[in-house]
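Chemist: The sequence isn't on hand, but the structure is:
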């Protein structure tokens, strides 16, 4: 049942639709354990403030990016009655169903649009815009933004910087060297046991890591990267490091420069094919929460990785504000840092947000006011599994666009997040336009059922050349 509160404003009487409030009251009344009385109280207080300060509680939000992550962010925000308008730049054919897509190619274009359109918040999805200083340009004009500064974004923008930074602060990570000298890189690689990990230092859309199974392959990879053939300028410096054997986790921290709150751990699936075979990709699927990470391990990740990172960034005058992703390798129950991302991961974002109860807008405001430690972050009980559907040439090259057909499915199973999709200009037919096309998102009370739901939805999505892994979440289900 939805309730309405009538409020009087200078422009007349309007109705505040408090669906969230009514649902939470019902949940609390019937004793659902995932709704705390404190959280309910915060929602009631916010609802009261909405009725008394109506001009302060309508927001226009711009989301920067064009993938499944940005679609998921928009879908989550769309459920917040305080969001008046949603904009995306550049967006995709899926985000066009949630809001308005815009072509704003340069930072100054985005700043000018925000100023002329009274944008309340800008949420930056991808790493490139952050490394290129978009958040700095927006903040310089008094525009609120969710995302770190250009200087703080170096944690992802330069793997060489990141490795040196964590080594100086004794944060556990693999033994490494960073260099632009081929001989130095090859000499160090020869001292490591096989396989050897070689990373391009710059941004490579999640595909700049090669695991060399032989010293010959390691030498060829080093030459290819440093020559610019493999990744251009991003490969002008390489990180060569030892291979850590264990299992991976994705852990996200909401950070306000001083404090942080960790989100439920996820597990991504980077390799293209089942059983972790094939080349690295941007991610072929994910699930959350992971039973592979208990409270003891999560506490170690907090104290050994996140706490010293935030302290170190603050000490060097570049405090980190936004969401920080730590790619973790767990070896003998000890966490080692593989990489940092300075934004929500993709596809992890798509599986975290369906379970997130706390409005993203509240999180943005808590980070902006440096109050994240005081905001209770609530998640629904249950599990979420996301299966990526990619074009047949992914990640090797572009693909020809193909029409997408979707067989109706029960919405209780989950939903679709759209990524590499476009629209045919004359017929408005949805097209798979390359790369990672969409994600089938399954939600359920158990991980096994959430996986089944995700694959049921995946079967309902069809286009020529559809590529997907069939083993998402299998590692956790074997525990």
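Modeler: All right, it came through fine. Remember, predicted model here, so these are calculated numbers, not experimental data.
Chemist: following the helix or strand harbouring residue 296, which helix or strand comes up?
Modeler: For residue 296, the element it lies in under DSSP states H and E is helix 295-301. Downstream of helix 295-301, the next assigned helix or strand under DSSP H and E is helix 307-315.
Chemist: ok, residues contacting that following helix?
Modeler: Helix 307-315 is contacted by residues 152, 155, 165-166, 168-171, 255, 257-260, 319-320, 324, 340 when judged by Cβ atoms under 8 Å, 6 or more residues apart in numbering. Any C-beta I mention is one placed from the backbone N, CA and C, and that applies to glycine too.
Chemist: buried set for that helix?
Modeler: Neighbour-count burial for helix 307-315 flags 308-310, 312-313 (criterion: 16 or more other Cβ atoms under 10 Å).
Chemist: Save those as TSV, and put in pLDDT too.
Modeler: Below are these laid out as TSV (pLDDT from 0 to 100):
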residue	pLDDT
308	98
309	98
310	98
312	98
313	98
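Chemist: Enumerate the beta-bridge partners assigned to the residue lying closest to residue 103 once chain neighbours are set aside.
Modeler: Counting by Cβ to Cβ, 6 or more residues apart in numbering, residue 90 is the residue found nearest to residue 103 once chain neighbours are left out, at 6.0 Å. Beta-bridge partners for residue 90, by DSSP bridges, are residue 65.
Chemist: From residue 286, how far off is residue 90?
Modeler: Distance of residue 90 to residue 286, given as Cβ to Cβ, to the nearest Å: 24 Å.
Chemist: So those two - more neighbours on which side?
Modeler: Neighbour count, other Cβ atoms under 10 Å: between residue 90 and residue 286, residue 286 has more, with 28 against 14.
Chemist: who does the helix or strand harbouring that one touch, helix- and strand-wise?
Modeler: Using DSSP H and E, residue 286 sits within strand 285-288. Applying 3 or more Cβ pairs under 8 Å, 6 or more residues apart in numbering; DSSP states H and E, one finds that strand 285-288 contacts strand 267-268, helix 348-352, strand 383-390, helix 447-460.
Chemist: what about these, which gets the closest to residue 177?
Modeler: Among those, the nearest to residue 177 by Cβ to Cβ is strand 267-268 (26.1 Å).
Chemist: partners of the helix or strand following that closest one, with directions?
Modeler: Downstream of strand 267-268, the first helix or strand assigned by DSSP H and E is strand 271-273. Looking at strand 271-273 with DSSP bridges, its partner strands are strand 277-280 (antiparallel).
Chemist: could you give the mean pLDDT of the strand it pairs with?
Modeler: Strand 277-280 comes out with an average pLDDT of 90.
Chemist: now it: how far from the chain's centre is it?
Modeler: Offset of strand 277-280 from its chain centre (Cα atoms, centre = their mean, to the nearest Å): 21 Å.
Chemist: For it, buried residues please.
Modeler: Judged by neighbour count (16+ other Cβ under 10 Å), strand 277-280 contains these buried residues: residue 280.
Chemist: So what touches that strand?
Modeler: 206-207, 209-211, 270-272, 395-396.
Chemist: By neighbour count, which of those wins?
Modeler: Highest neighbour count within those, by other Cβ under 10 Å: residue 210, with 23 neighbours.
Chemist: What strands flank the one helix or strand it maps to, and is each parallel or antiparallel?
Modeler: Secondary structure from DSSP H and E places residue 210 in strand 209-212. Using DSSP bridges, strand 209-212 pairs in its sheet with strand 196-200 (antiparallel).
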